[in-house]
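In: Need the 3D shape of this:
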Amino acid sequence: MTAPAATRIPASRALGADISAARNVHDALELAGLAWGIEEHPADSFALTTPGGVTMTGMPGMRFFLRSDTKEALHLGGARYTPVTNADAFAAADAAVAMGARFATGGALRGGRQTYLELDLPDAAVKVGGKDLVAFTLLLRTAHDGSGRVSGEARVKRLVCTNGMTANIGFPATFAIGHTRSAHDRLAAATTMVQGAVRFAKEFSAIADHMLDTPMTLTEFGAFIDAMYPRPDEENAREFGRWERRRHELVELFRFADTNDLGRGSRWGAYSALTEYVDWFAPVRGGDDARATRQLDGTAQGAKDRAMKILAGV
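Out: Residues are numbered from 1 along each chain as shown. This next block holds a predicted model:
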């Protein structure tokens, strides 16, 4: 099992830093340890250390991209690759703050190959059923390893259990951010993200209220689990044992977890149990950091999307 809900640390905070004191993006990057640039070095000729000694080699037309502070390699790219610094990638955050967002956390994954800033959206927070507080944040992310572009994503978090509850509800939650130095374009990007996140929050809230009002028996919950995780052949003892343990833990969360007091016996309670299991109880190799990385990068997002589709029909 895992730590009690009261002691759980959200993934973005566990992997990064508190940047709530930041007044602007410059401050946020300093507090998050992201105030570094990207150096470019030609790869036409370089020394390679091998078991047999140092060998000179090269990759004409390619360039190494390094962090300016630690000199850690981020990417090896060709002429078409254009690096975007953290300062440029997250510049729209200042405009988002002017619209009511608040700096929350920031950090780096995989040595800086991926970086993020998270902003709280106080105006988007809702209480499902008038009591169950669900907060929304805007997660800004970029990659310096050539694997992705700058993006903003509305994230959902149920505060009583710190579950990530983001799901595909047929309404945009992710927004591409173009690289621009124009203040007008940055404001437009921030407006799209903040207003989009608020609209997503309203849609999510309506779906959650409907799920809370829809009863679910233990038998129905069992059928839901079986739809999510089909029963394997008992002859495969290892796989069957894993399936039985997961099913038992999900039933325990649905029936008895303190975090499920509001919504117990409803479809909202079923979704809460599923997301709590995925985020905090599912076996993860690598300890707490690996679990936090899994939560932040959306590795298990598919399970939450499937659950939402089954329970809410979206």
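In: So for stretch 291-300, mean pLDDT?
Out: The average of the pLDDT scores along stretch 291-300 is 90.
In: And for stretch 54-66?
Out: Mean predicted confidence for stretch 54-66 is 93.
In: roughly how far out does that stretch sit from the chain middle?
Out: Centroid displacement of stretch 54-66 relative to its chain, using CA atoms, centre = their mean, to the nearest Å, is 34 Å.
In: Kindly check the end-to-end length of it for me.
Out: 21 Å (CA to CA, to the nearest Å).
In: Show me which residues of it are buried.
Out: Arg63, Phe64, Phe65, Leu66 (16 or more other CB atoms under 10 Å). For the C-beta atoms, the positions are set from N, CA and C on the backbone; glycine is no exception.
In: Quick one: the strands in the protein, in order.
Out: Secondary structure of the chain (DSSP state E): strands at 16-18, 38-42, 46-50, 53-57, 63-67, 73-77, 102-109, 114-120, 126-128, 132-143, 151-158, 163-164, 174-176.
In: The longest one pairs with which strands?
Out: This means strand 132-143. strand 114-120 (antiparallel), strand 126-128 (antiparallel), strand 151-158 (antiparallel) (DSSP bridges).
In: contacting residues for the residue nearest to Val128 when sequence neighbours are not counted?
Out: Nearest residue to Val128 in three dimensions, chain neighbours excluded: Ala208, at 4.4 Å (CB to CB, 6 or more residues apart in numbering). Ala208 sits next to Val126, Val128, Asp132, Val134, Trp268 when contact means CB atoms under 8 Å, 6 or more residues apart in numbering.
In: swap in Pro83?
Out: Ile38, Glu40, Phe65, His75, Gly77, His144.
In: any idea how far it lies from Val150?
Out: Separation of Pro83 from Val150 (CB to CB, to the nearest Å) stands at 12 Å.
In: Next: Ala22.
Out: Distance from Ala22 to Val150, by CB to CB: 19 Å.
In: Model confidence score at the nearest residue to Lys71 once chain neighbours are set aside, please.
Out: Distance criterion CB to CB, 6+ apart; nearest residue to Lys71, sequence neighbours excluded, is Glu39 at 7.6 Å. Reported pLDDT at Glu39 in the predicted model: 96.
In: Could you tell me how many residues sit around the closest residue in space to Asp209 that isn't next to it in sequence?
Out: Closest residue in space to Asp209, ignoring its immediate chain neighbours: Val128 at 6.0 Å, by CB to CB, 6+ apart. Using other CB atoms under 10 Å, Val128 is surrounded by 22 other residues.
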